[in-house]
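Visitor: Just to be clear, the model below is a prediction. Sequence and coordinates:
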Amino acid sequence: MTLLAGDVGGTKTVLALVEPGADVLTVVRQGTLHSTEFATFEAAVARFLDDGPKVSIDGACFGVAGPVVGGHVKTTNLPWDMDEARLAAAIPARRVRLLNDLVAMGEGMLALLPASFQTIQTGEPRGGTMALIAAGTGLGEAVLFWDGKRHIVVSSEGGHVDFAPRTDLEADLLRFLQNEFGHVSYERVVSGPGLFNVYRFLRSRDGASEPAWIRDRLANGDPSAVISEAGLLGEHALCVQALDMFVSIYGAEAGNLALKSLAVSGVVIGGGIGPKIRKKLCSRIFREAFCDKGRFSGLMASIPVRLALEPNAPLLGAARVAASF
């Protein structure tokens, strides 16, 4: 039996051919594609399959950044329209399942070993519901609901709720982004593009001079990567301030999610940004914002918070689901 699993994001799409065994899933072939190079997801799948020996696909499952309703999804950060029946015919595959990307990630997290995580806040170990928040090209959120026997991953689009400023500076950030976008969600702040939005706001507010080397890097590279790297190394004060502000807001929204889901068993930080800025995430900036919930600050300090270090968790989760249906 050969399965096709995928992690479909706004920046990259990771696909893998997987063979399930008694207790293990074996990746036969894996590839990473630049999502924006393809007009449709079907074209991306065809490219991946054409790059290797011809195979018969028994089942396929894809975690997708967007709301999956009735086996159909329009991706949030790509112009792709994906449908389970249409994909089954195009691949072809006997069965296809589409999942929200955070559901796939959550399924993968449940299979990871403790060594795949780094502790941000120790908290108190106990059973119950968990929560997952993941900043990358966008901001994903999910709840891992404990039904008394196992965790059930519940999707959400919580990253698109209204951004709620906590300070005068954040209120100014909100007004800055409202002038540009109208509605301002947490994803406009806590994501790769969001970090650049924070930097642009601080640059416009402070009127600080921008060194030529920063300007050149921003023009010729990934702005969020440039800002995070310079911020971590302390190379430019504005980048340090932007990264600190980003991490604080990330911590605050992670705490919001924990409260709304009562995730007493823990919060997991997933996504591609976290491991790259782990030094900042493990600093007091994130923890203080996470715990700063007034009368519930004591409860928040008791919730374990971990950073996931395994980049293939969503792919693993999609493969697990493909093997189960």
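Guide: Alright, I've got the coordinates. Residues are numbered from 1 along each chain as shown.
Visitor: which SS state does the nearest residue to residue 29 once chain neighbours are set aside fall under?
Guide: Once flanking residues are discounted, residue 29 sits nearest to residue 17: 4.7 Å by CB to CB, 6 or more residues apart in numbering. From N, CA and C alone the C-beta is placed, and that goes for glycine too. Three-state assignment for residue 17 (DSSP: H, G, I helix; E, B strand; the rest coil): strand.
Visitor: Break down the stretch 1-150 of the chain into its strands, ranges please.
Guide: Assigned by DSSP state E, counting those that start in this stretch, the stretch 1-150 of the chain shows strands spanning 3-8, 12-20, 25-34, 57-64, 72-74, 81-83, 93-100, 117-121, 130-135, 139-146.
Visitor: in the last one, what's buried?
Guide: In other words, strand 139-146. Neighbour counts using 16 or more other CB atoms under 10 Å place 139, 140, 141, 142, 143, 144, 145, 146 of strand 139-146 among the buried residues.
Visitor: so which of those comes closest to residue 83?
Guide: residue 140 (21.1 Å; CB to CB).
Visitor: ok so, going back, surely the residue nearest to residue 29 meets residue 27?
Guide: Yes. Counting by CB atoms under 8 Å, residue 27 is a contact partner of residue 17 at 7.3 Å.
Visitor: Neighbour count: the two, which is higher?
Guide: residue 17 (22 against 14; other CB atoms under 10 Å).
Visitor: Please determine how far that one is located from residue 157.
Guide: Distance of residue 17 to residue 157, computed by CB to CB, to the nearest Å: 30 Å.
Visitor: same thing with residue 188?
Guide: 14 Å.
Visitor: Please say which of the two ends up with more neighbours.
Guide: Between residue 188 and residue 157, counted using other CB under 10 Å, residue 188 has the larger neighbour count: 23 against 18.
Visitor: close enough to count as contact, the more buried one and residue 182?
Guide: No. Using CB under 8 Å, residue 188 is not in contact with residue 182; the gap is 10.3 Å.
Visitor: which one's the longest helix in this protein?
Guide: Longest helix of the chain, by residue count under DSSP state H: helix 237-261.
Visitor: Mind listing what's buried along that one?
Guide: Residues of helix 237-261 classed as buried: 238-258, 261 (neighbour count, 16+ other CB under 10 Å).
Visitor: Can you give the domain ranges for the protein?
Guide: Taking automatic domain parsing as the domain assignment, the ranges for the chain are 3-107+312-324, 114-309.
Visitor: can you put those in JSON lines and add mean pLDDT?
Guide: Shown next, in JSON lines, are the domains of the chain (pLDDT from 0 to 100):
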{"stretch": "domain 3-107+312-324", "mean pLDDT": "94"}
{"stretch": "domain 114-309", "mean pLDDT": "96"}
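Visitor: and the closest residue to residue 254 other than its chain neighbours, what does it touch?
Guide: Leaving out its chain neighbours, the residue that sits closest to residue 254 by CB to CB, 6+ apart is residue 133, at 5.0 Å. For residue 133, the contact set (CB atoms under 8 Å, 6 or more residues apart in numbering) comprises 139, 140, 141, 250, 253, 254, 257, 267, 268, 269, 270, 271.
Visitor: Try it again at 7 Å.
Guide: Residue 133 sits next to 141, 253, 254, 257, 267, 269 when contact means CB atoms under 7 Å, 6 or more residues apart in numbering.
Visitor: try residue 204
Guide: Per CB under 7 Å, 6+ apart, neighbours of residue 204: residue 176.
Visitor: what's the spacing between it and residue 186?
Guide: 21 Å.
Visitor: hey, where'd the helices end up in this structure?
Guide: With DSSP H as the criterion, the chain has helices spanning 41-50, 84-90, 101-109, 168-181, 192-206, 212-220, 223-233, 237-261, 273-276, 278-281, 284-291, 297-301, 313-324.
Visitor: deepest of these, which one?
Guide: Of all these, helix 101-109 has the most neighbours on average by mean count of other CB atoms under 10 Å, namely a mean of 29.
Visitor: I'd like to know which elements that one is packed against.
Guide: Counting contacts by 3 or more CB pairs under 7 Å, 6 or more residues apart in numbering; DSSP states H and E, helix 101-109 packs against strand 3-8, strand 57-64, strand 130-135, strand 139-146, strand 151-155, strand 266-270, helix 313-324.
Visitor: Tell me how far residue 260 lies from residue 297.
Guide: Per CB to CB, residue 260 is found 16 Å from residue 297.
Visitor: same question, residue 157
Guide: 28 Å.
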